[in-house]
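Next comes the sequence, and after it the predicted model I'd like to discuss.
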Amino acid sequence: MNEESAGSSRESSRTVSSNDKKSHDQETAPPIKAQVVGWPPIRSYRKNCLQAKKLEAEAAGLYVKVSMDGAPYLRKIDLKVYKGYPELLKALEEMFKFKAGKYSEREGYNGSEHVPTYEDKDGDWMLVGDVPWDMFISSCKRLRIMKESEARGLGCAV
């Protein structure tokens, strides 16, 4: 009888171990489900708070970094503070202690060692003043005051 009971216990242990393996495989590899869009749900209070913060950030200002060749520091300015190019250039001249010269569409900036340029959304560097003010504000990512020798080729005859 001992042999029979020992043999049956071996068989039962084999079936238990095979059942354990099957259940273990099912636990580790659950079926892949696509994530539902908008899940987990966000409470309306949180949603309203996030929208209010977005609106505040947009209304707060349009900040861009300003760098000057040879200056060891950067500045950040709000473009919405200025009404047009003359105010912006005056502020940059006072901030970085340089003279921009006079701008003309044909010749760019004349009589200056430094030329104010900006990078637009496409990554192109252009002279400040080449486009209307509203377009400049919407497309400007950052400003850079370059040396005149580096800015050749950006304007028509610079």
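Nice, thanks for sending it over.

okay, CA-based contacts and neighbour counts for the rest of this
OK.

that's a helix at residue 51, yeah?
Yes - Residue 51: assigned to a helix according to DSSP: H, G, I helix; E, B strand; the rest coil.

Run a quick neighbour tally on it.
The local packing of residue 51 (other C-alpha atoms under 10 Å) involves 11 other residues.

Kindly report the same for residue 137.
When neighbours are counted by other C-alpha under 10 Å, residue 137 registers 17.

Does it touch residue 79 like I think?
Yes - counting by C-alpha atoms under 8 Å, residue 137 touches residue 79, with 6.7 Å between them.

remind me which residues of this protein are low pLDDT?
Counting by pLDDT under 70, the chain has low-confidence residues at 1-43, 45-47, 50, 53-61, 104-108, 155-158.

Show me where it has its strands.
63-68, 74-78, 102-104, 108-110, 114-119, 125-127, 142-147 (DSSP state E).

Spatially nearest residue to residue 125 (excluding sequence neighbours)?
Closest residue to residue 125 apart from its sequence neighbours, by C-alpha to C-alpha, 6 or more residues apart in numbering: residue 119 at 4.5 Å.

and that neighbour, what are its bridge partners?
Beta-bridge pairing for residue 119 (DSSP bridges): residue 125, residue 142.

tell me the contacts of it?
Residue 119 is in contact with 125-126, 140-143, counting by C-alpha atoms under 8 Å, 6 or more residues apart in numbering.

so can I have TSV of those residues showing neighbour count and distance to residue 96?
Listed next are the contacts of residue 119 as TSV, based on neighbours: other C-alpha atoms under 10 Å; distance: C-alpha to C-alpha, whole Å:
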residue	neighbour count	distance to residue 96
125	18	20
126	20	20
140	22	19
141	18	19
142	19	16
143	23	12
